[in-house]
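# Quick one, fold the following:
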Amino acid sequence: MRYHAGDYDLAVVGAGHAGLEAALAGARLGVKTVLFTINLDGLGNMPCNPSIGGTAKGHLVREIDALGGEMGRAADKVFLQSRMLNRGKGPAVHSLRIQADRRKYQSVMKQTVEKQENLDLKQAEIKEISRISEHFELVTMLGAVFSAKSVVIASGTYMQGRIIVGDISYPGGPDGLFPSDGLSESLAKMGLELRRFKTGTPARINRNSVDLSKLERQEGDDEICPFSFENEGVDIGENKEPCYLVYTNAETHRIIQENLHRSPLYSGTIKGVGPRYCPSIEDKIVRFADKERHQLFLEPMGLDTDEMYLQGMSSSLPEDVQIAMIRSLSGFEHAVIQRNAYAIEYDCIDPLLLFPTLEVKKIPGLFTAGQINGTSGYEEAAAQGLVAGVNAARKILGKEPVVLDRSSSYIGTLIDDLVTKGTAEPYRMMTSRSEYRLILRQDNADARLTPIGRKIGLISDERYRLFEEKQKKLSEEILRLKKTFIPPDETLLSLLEQKQSSPVKCGVSLADLLRRPELSYADLALVDHKRPVLPKTITETAEVEIRYEGYIKRQLAQVEQFKKLEKKLLPTAFDYNEIKGLRLEARQKLNQQKPESIGRASRISGVSPADISVLLIYFHYV
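Numbering: from 1, shown residues only. Model (predicted):
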């Protein structure tokens, strides 16, 4: 028996990191929203690792926050350890990463959702979804029927989820939760072609069974940097737990190599495509056979548990092999495994089926976000969820969609890569994927995106006032550094000699001194007697903007050229077979994807620069 259970503007299926951002964005933009999850205890779960951020991923979290999303605020409330990665490299790749109290993160997010106006949270498995006239119907396993004007599918790894350990496999979602069994069939009936991807998770070890004295202790930074721009200048707490480093050894590798025939990766049991940049330990041993050891991290899960992740050692080997290889590690001779590692296969779609808004091209009003789009990672999922939720809400409200281009953000790069290039394996964001990474730094995410968040409606009046105040102070400080000249007195010459920097014979601006790699903003305090008292967030950005000014101008010129091509629009209903000057592959790819602009067409694999020239001539852009 079925019964009508309610009418909503927006329905979000899945309460992982994508679904949470989508639902919160929709509700905050004023549309009546419902968020479904198979198990309320799985809301905001972290099955793969207990951390947020990291290289490029930290950029995504800062951008989510700059737009008005939730992940950064929650991370600041629950961190156990905070570290800024890549400090020894240029500012473009500095990335914040925190170890999170995993259950506290879930609790914080659940309470945020429960208190959010316009948002209902329901434990229910959506078994069927169909489009009927101008709305969607969603049917739960218990027969409840909900209607919604728009839907965001954020199913994570649950759709037809299958857990694999050795030669044992069974239906399941992450961490022993139920899979979603009916949704895949419904989406297939609606015309979406599905495919199988695979990911994995490492074993969880009891802290008390490990001799931590044999491991290399890794502390957090002395200075804590928040993820959320709302918390700049706010004391958000201190590091509470260390992490530990350990390395595989010859015995570990011998155990794995002798049991490769029992690995479902090599026996053919696993059919799904796994992530290139986060391989299982057995895959590492095979692919990097020349390496004598691999680095692993023992990471805390929370203050109220002794369970720890053995990061870097995800595996689908049989349980007895997992025990043997873990106990071969130094300090793990008597390790007690509380949860074994496993692989999980799941259904996802080809992201080439999507518009840059993350709306399915063939099904108006249906949006997808997260791992269903072929990505991996909490941060990538949350970024997509925010964009999908915003655009679903704006569609309901009759407003223009929001599209972030790749010159604006890592979020824009992520989505552009997905919908233009597609992905044949779980996609992971990396700084190298952006050609504009010097201007897409994490420190200036607010300057790039907070005005957009304000225009969308996710940034409050007070937050925007503080943002404008910060930008004013930053501009004033950059101008002051350029206009303040220091005479070549004894103090300056002594500083230059101490820093092994070439001397000066006449007055020199503070900005010119900052451009010298030997000198920092802090160093110049000796000669900069009238500098104002400013937050470090402002002085660090000012230093970067001045030090790399020439390179930044060059990238901004590239951005202008990029935007010119993006503004050269293409018809969405056009048969490219009519253009005889295009190569066959280009005609096929262009007809398949129907790019909105010359710029997007230029990034499609199989469309050459010569093809772009033909398009420019044909559509009278030259």
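# Pull the number of nearby residues for residue 488.
14 (other Cβ atoms under 10 Å). For every residue, glycine as well, the C-beta is placed using N, CA and C.
# Excluding sequence neighbours, find me the nearest residue to it.
Distance criterion Cβ to Cβ, 6 or more residues apart in numbering; nearest residue to residue 488, sequence neighbours excluded, is residue 504 at 4.9 Å.
# burial measure for that neighbour, as a count.
15.
# That one sits in which helix or strand?
Using DSSP states H and E, residue 504 falls within no helix or strand.
# so what pLDDT did residue 287 get?
For residue 287, the pLDDT comes out at 89.
# how about the strands in the stretch 101-250 of the chain?
Assigned by DSSP state E, counting those that start in this stretch, the strands in the stretch 101-250 of the chain fall at 119-123, 126-132, 135-140, 144-153, 162-165, 168-171, 194-201, 204-206, 216-218, 243-247.
# mind listing what the residue lying closest to residue 609 once chain neighbours are set aside touches?
Spatial nearest neighbour of residue 609, excluding adjacent residues (Cβ to Cβ, 6+ apart): residue 602 at 7.6 Å. Contacts for residue 602 (Cβ atoms under 8 Å, 6 or more residues apart in numbering) come out as 565, 609, 612.
# I'd like to know how far the second one sits from residue 557.
Translated: residue 609. Per Cβ to Cβ, to the nearest Å, residue 609 is found 19 Å from residue 557.
# Next: residue 188.
46 Å.
# rewinding a little: between the contacts of residue 602, which is nearest residue 408?
residue 565 (14.9 Å; Cβ to Cβ).
# count of residues packed around residue 78?
23.
# so it sits right up against residue 104, yeah?
Yes: contact criterion Cβ atoms under 8 Å: residue 78 and residue 104 qualify, at 4.4 Å.
# about what we covered before: let me know the pLDDT of the residue nearest to residue 609.
93.
# circling back to that earlier point, now distance to residue 230 too, for the strands of the stretch 101-250 of the chain, in TSV please.
Shown next, in TSV, are the strands of the stretch 101-250 of the chain (distance: least, Cβ to Cβ, whole Å):
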stretch	distance to residue 230
strand 119-123	20
strand 126-132	34
strand 135-140	34
strand 144-153	25
strand 162-165	39
strand 168-171	42
strand 194-201	32
strand 204-206	33
strand 216-218	28
strand 243-247	27
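# returning to that earlier point: between the contacts of residue 602, which sits nearest residue 256?
Closest approach to residue 256 among the contacts of residue 602 (Cβ to Cβ): residue 609, at 45.5 Å.
# Give me the neighbour count for the closest one.
By the measure other Cβ under 10 Å, the count of residues near residue 609 is 8.
# Kindly report the same for residue 494.
With other Cβ under 10 Å as criterion, residue 494 counts 12.
# chain center to the host helix or strand of it, what's the gap?
Using DSSP H and E, residue 494 sits within helix 490-498. Put simply, helix 490-498 sits 45 Å off its chain's centre (Cα atoms, centre = their mean, to the nearest Å).
# right, and the helix or strand after it?
Following helix 490-498 toward the C-terminus (DSSP H and E): strand 508-509.
# what's the next secondary structure element after that next one?
helix 510-514.
# Contacts for whichever helix or strand comes after that next one, please.
Sequence order places helix 536-547 as the next helix or strand after helix 510-514, per DSSP H and E. Residues outside helix 536-547 that contact it (Cβ under 8 Å, 6+ apart): 91, 232-233, 441, 443-444, 470, 473-474, 477-478, 481-482, 511, 514-515, 520-521, 552.
# Return the helix or strand bottoming out on mean pLDDT in the chain as CSV; C-alpha atoms alone will do.
Here the helix or strand of the chain ranked lowest by mean pLDDT, DSSP states H and E is helix 264-267, holding a mean of 84. Below are the C-alpha coordinates for helix 264-267, written out as CSV (Å, rounded to 0.1, in the frame of the first residue of the first chain):
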residue,chain,number,x,y,z
PRO,A,264,39.6,-9.6,-5.5
LEU,A,265,41.4,-6.8,-7.4
TYR,A,266,43.4,-9.4,-9.3
SER,A,267,41.0,-12.3,-9.2
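# And the helix or strand following it, what does it pack against?
Counting by DSSP H and E, the element after helix 264-267 in chain order, helix or strand, is helix 281-287. Here helix 281-287 touches helix 250-258, helix 264-267, going by 3 or more Cβ pairs under 8 Å, 6 or more residues apart in numbering; DSSP states H and E.
# Give me the buried positions along helix 281-287.
Across helix 281-287, burial judged by 16 or more other Cβ atoms under 10 Å covers 281-285.
# After it, which helix or strand is next? Please name it.
Beyond helix 281-287 toward the C-terminal end (DSSP H and E), the next one is strand 295-300.
# what lines up beside that next one in the sheet?
Next to strand 295-300 in the sheet, as set by DSSP bridges, lie strand 243-247 (antiparallel), strand 307-311 (antiparallel).
# List the buried residues in the helix holding residue 494.
492, 495-496.
# Over to stretch 593-613?
Buried, per 16+ other Cβ under 10 Å, within stretch 593-613: 593-596, 598-602, 604, 607, 611-612.
# In space, what's closest to residue 470 - neighbours in sequence excluded?
Residue 470's closest residue in space is residue 538 (Cβ to Cβ, 6+ apart), at 6.6 Å.
# Revised request: answer the last question for residue 286.
Among residues not flanking residue 286 along the chain, residue 260 sits closest, at 7.2 Å (Cβ to Cβ, 6+ apart).
# ok, now residue 621?
residue 568 (5.0 Å).
# That neighbour and residue 595 touch, don't they?
No: between residue 568 and residue 595 there is no contact under Cβ under 8 Å: 10.7 Å.
# Helix or strand: which one has residue 80?
Per DSSP H and E: strand 79-85 holds residue 80.
# now the strands: where do they sit in the stretch 301-450 of the chain?
307-311, 337-339, 342-349, 366-368.
# Which strands border the third one, and is each parallel or antiparallel?
If I follow you right, that is strand 342-349. Counting by DSSP bridges, strand 342-349 is paired with strand 162-165 (antiparallel), strand 194-201 (antiparallel).
# now the last one, how far from the centre of its chain.
In this case it means strand 194-201. Worked out by Cα atoms, centre = their mean, strand 194-201 lies 18 Å from the chain centre.
# give me phi/psi at residue 7?
phi -120, psi 130 (degrees, to the nearest 10).
# ugh, typo on my part, it should be residue 19
Per degrees, to the nearest 10, the backbone of residue 19 is at phi -60, psi -40.
# hmm, back to that, check the strands of the stretch 101-250 of the chain for me and report the most buried one.
strand 144-153 (a mean of 23; mean count of other Cβ atoms under 10 Å).
# for that one, packing partners?
strand 3-13, helix 17-28, strand 135-140, strand 366-368, helix 378-396.
# Distance from the chain centre to the lengthiest helix in the chain, please.
Assignment by DSSP state H gives helix 461-483 as the longest helix of the chain. On the basis of Cα atoms, centre = their mean, helix 461-483 sits 28 Å off its chain's mean C-alpha point.
# Who are the packing partners of the next helix or strand after that helix?
Later in the chain than helix 461-483, the nearest helix or strand by DSSP H and E is strand 485-486. Secondary-structure packing of strand 485-486 (3+ Cβ pairs under 8 Å, 6+ apart): strand 508-509, helix 510-514.
# Of the ones you listed, which stretch is the most buried?
For those, average neighbour numbers computed from mean count of other Cβ under 10 Å are highest in helix 510-514, which has a mean of 21.
# tell me the mean pLDDT over that one?
97.
# As JSON lines, the strands paired with strand 295-300 with mean pLDDT and distance to residue 12 would be great.
Formatted as JSON lines, these follow (pLDDT from 0 to 100; distance: least, Cβ to Cβ, whole Å):
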{"stretch": "strand 243-247", "mean pLDDT": "98", "distance to residue 12": "33"}
{"stretch": "strand 307-311", "mean pLDDT": "96", "distance to residue 12": "28"}
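# Using JSON lines, lay out the ones you listed together with distance to residue 410.
Output for these, formatted as JSON lines (distance: least, Cβ to Cβ, whole Å):
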{"stretch": "strand 243-247", "distance to residue 410": "25"}
{"stretch": "strand 307-311", "distance to residue 410": "23"}
